[in-house]
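A.B. asks: structural data only, the sequence is not supplied:
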């Protein structure tokens, strides 16, 4: 069982930066691949980024590639999402998720979810 708690969301102007954190409970965090997803009002949940359990591999949605960076610190049971050059279309609730084995861009593959944190980018 893994419990996830996100933090770091907020209001930022276009072009600005935010860093989201996702703290995980449990002693087996290092065996889980982690993903970030987002959902804007009236839209479906969208994959943002994922990272393998060892942090060797990362994977990004095309819409955020080059602007966002996912990372993790297994000693701190935490995964991060550094978001730079933010755009109004990045406005959404961002959630982290965990799954065993390899990472995935399919939200249905993730067993554990945080409650989400709101990111609002003003123009």
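C.D. replies: Arrived safely, thanks for sending. Computed from a predicted model, the values in this text were never measured in an experiment.

A.B. asks: centroid residue for the protein?
C.D. replies: residue 36 (2.5 Å; Cα atoms, centre = their mean).

A.B. asks: contact partners for it?
C.D. replies: 20, 22, 48, 49, 50, 70, 79, 81, 94, 95, 96, 97 (Cβ atoms under 8 Å, 6 or more residues apart in numbering). All C-beta spots, glycine's among them, are computed from the backbone N, C-alpha and C.

A.B. asks: helix or strand for residue 34, which one?
C.D. replies: Residue 34 belongs to strand 32-39 when assigned by DSSP states H and E.

A.B. asks: list the buried residues of that strand.
C.D. replies: 32, 33, 34, 35, 36, 37, 38 (16 or more other Cβ atoms under 10 Å).

A.B. asks: and of these, the nearest to residue 101?
C.D. replies: residue 33 (6.7 Å; Cβ to Cβ).

A.B. asks: residue 19 versus the closest residue to residue 80 other than its chain neighbours, what's the distance?
C.D. replies: The shortest distance from residue 80 to any non-neighbouring residue, by Cβ to Cβ, 6 or more residues apart in numbering, is to residue 71 (4.9 Å). For residue 71, the distance to residue 19 equals 10 Å [Cβ to Cβ, to the nearest Å].

A.B. asks: so which residues of the protein form strands?
C.D. replies: 4-7, 10-13, 18-24, 32-39, 46-51, 58-60, 68-73, 78-83, 92-100, 112-113, 117-122 (DSSP state E).

A.B. asks: excluding chain neighbours, what is closest to residue 117?
C.D. replies: Closest to residue 117 by Cβ to Cβ, 6+ apart is residue 9, at 3.4 Å.

A.B. asks: the one you found is in contact with residue 119, isn't it?
C.D. replies: Yes: using Cβ atoms under 8 Å, residue 9 is in contact with residue 119, at 4.8 Å.

A.B. asks: direction included, what does the strand holding residue 34 pair up with?
C.D. replies: If you go by DSSP bridges, strand 32-39 pairs up with strand 46-51 (antiparallel), strand 92-100 (antiparallel).
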